[in-house]
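[1] Could you look at this predicted model? Sequence included:
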Amino acid sequence: MHLFLIGVGGGAGFSPLIADLSHWFRRHRGLAVVFGASGSYLAGVIWPQVITWGLANHGWRATHIGIGLAVMAIMLPLAPFFRRRPSAASMAAQDAASEGARGDLGLSPNQLQWLLAVAGFCCCVAMAMPQVHIVAYCGDLGYGVARGAEMLSLMLGLGIISRIGSGFVADRIGGAATLALGSLMQGLALFLYLWFDGLTSLFIVTGIFGLFQGGIVPMYAVIIREYLPAREAGMRIGIVMSATILGMAFGGYVSGAIFDAFASYRAAFLNGLAWNLVNLTIVCWLMMRARRRPEGPAATAAV
């Protein structure tokens, strides 16, 4: 039920929404995309508190049903507002802009597509270690799971700031450079987890991690819209977003398996760092392939 209803339903909402946002905005596309992507992080701040109250007062079943009713009551009336499609002239201009930018890379659409999918998988394997295991990690250190839940809310709350900030940066330096910066900073935060495990320091490092990693995933959508055909945005963004989710799922599982094998989360953090290095290598290689865009109407339309 979770796989086919919650999983498919959630997937059918997030990627198409991001793809549509990328069509509706050109001058501030990065900022628009990260605003839309910040909804999941905002949910991660608010819903755990609502769920905790619901479990304590009404039980898990009534809480589950209440969440479903709330989602239908809010999302269904808003859905008709998203039916409008860009004009044919706008789509043609965006296709021309992306074709010129892709020519600078020297990669075919499919080559760039799968390169981004691999990069997205790797970065989310690394990202999953703190996001999925911070509660269990705090329990393992003796601080209790309640402190871990507080750290998770802090991480996701600061992730909203990170995502919005990354949108401003992407509109100025481009999606690939912003992604490389985010990947480098995420790796730094994972490295800090290896050296600090006191309660106060762990709160600080978790806050730093939230500020550093929040803007990474939306940048894949921005890069796709910069370099790949606009008419294929839904499919291509969906593929890369799926790769990031698979990376998050695999990262959460493998981190737990490593802990079971070594009875320590230190090895799991090292594993996250290794995957993050692969991601950073791919993104930096992509940046080196890119050359200065030619001046002209196509380049102007992509701004």
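    Here it is on my side, so go on.
[2] Where does the closest residue to Gly54 other than its chain neighbours fall, secondary structure wise?
    Beyond its immediate neighbours in the sequence, the residue positioned closest to Gly54 (Cβ to Cβ, 6 or more residues apart in numbering) is Thr63, lying 3.3 Å away. Just so you know, the C-beta spots here come from the backbone N, C-alpha and C atoms, and that holds for glycine as well. When secondary structure is defined using DSSP states H and E, the element that contains Thr63 is helix 29-78.
[3] which regions of the stretch 1-150 of the chain sit below the pLDDT cut-off?
    Regions of the stretch 1-150 of the chain meeting the criterion pLDDT under 70 cover residues 87-104.
[4] Strands of the stretch 101-250 of the chain, start to end?
    Along the stretch 101-250 of the chain, no segments are classed as strands by DSSP state E, counting those that start in this stretch.
[5] and Ser40, how many neighbours does it have?
    If you count neighbours by other Cβ atoms under 10 Å, Ser40 ends up with 16.
[6] quick one, what contacts it?
    Applying Cβ atoms under 8 Å, 6 or more residues apart in numbering to Ser40 gives the contacts Phe14.
[7] Check Val34 too.
    If you count contacts by Cβ under 8 Å, 6+ apart, Val34 has them with 163-164, 166-167, 170, 215, 218.
[8] Return the subset of those lying in helices.
    Secondary structure from DSSP state H places 163-164, 166-167, 170, 218 of those in helices.
[9] Mind putting these into a markdown table with distance to Leu286?
    A markdown table is the format used below for the ones in helices among the contacts of Val34 (distance: Cβ to Cβ, whole Å):
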| residue | distance to Leu286 |
| --- | --- |
| Arg163 | 21 |
| Ile164 | 24 |
| Ser166 | 17 |
| Gly167 | 20 |
| Ala170 | 14 |
| Pro218 | 17 |
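[10] Tell me how many other residues surround Asn279.
    Burial measure for Asn279: 28 neighbouring residues, criterion other Cβ under 10 Å.
[11] next one: Gly256
    Using other Cβ under 10 Å, Gly256 is surrounded by 17 other residues.
[12] Let's test this: what are the backbone torsions at it?
    Reported as degrees, to the nearest 10, the phi and psi values for Gly256 are phi -70, psi -40.
[13] repeat for Arg83
    Comment: the main-chain dihedrals of Arg83 come out as phi -80, psi -20, following degrees, to the nearest 10.
[14] Quick one: residues contacting it.
    Shown in contact with Arg83 (Cβ under 8 Å, 6+ apart): no residues.
[15] ok, now how distant is it from Arg236?
    For Arg83, the distance to Arg236 equals 22 Å [Cβ to Cβ, to the nearest Å].
[16] One more: Val34?
    From Val34 across to Arg236, the span is 18 Å (Cβ to Cβ).
[17] picking up where we left off before, looking at the ones in helices among the contacts of Val34, spot the one nearest Gln49.
    The nearest member of the ones in helices among the contacts of Val34 to Gln49, counting by Cβ to Cβ, is Arg163 at 20.3 Å.
[18] thought Gln213 was touching Gly187?
    No: contact between Gln213 and Gly187 fails when scored by Cβ atoms under 8 Å: they sit 9.8 Å apart.
[19] Comparing those two, which shows the higher neighbour count?
    Between Gln213 and Gly187, counted using other Cβ under 10 Å, the more crowded position is Gln213 (29 against 22).
[20] and that one, what does it touch?
    The neighbourhood of Gln213, defined by Cβ under 8 Å, 6+ apart, consists of 127, 159, 162, 182, 185-186, 189.
[21] Pull out the buried positions in the helix or strand hosting Val254.
    Element membership for Val254 (DSSP H and E) is helix 233-262. When burial is assessed from 16 or more other Cβ atoms under 10 Å, helix 233-262 yields the following buried residues: 233-234, 236-241, 243-245, 247-248, 251-252, 254-256, 258-259.
[22] Need the residue closest to the centroid of this protein.
    Val217 (2.7 Å; Cα atoms, centre = their mean).
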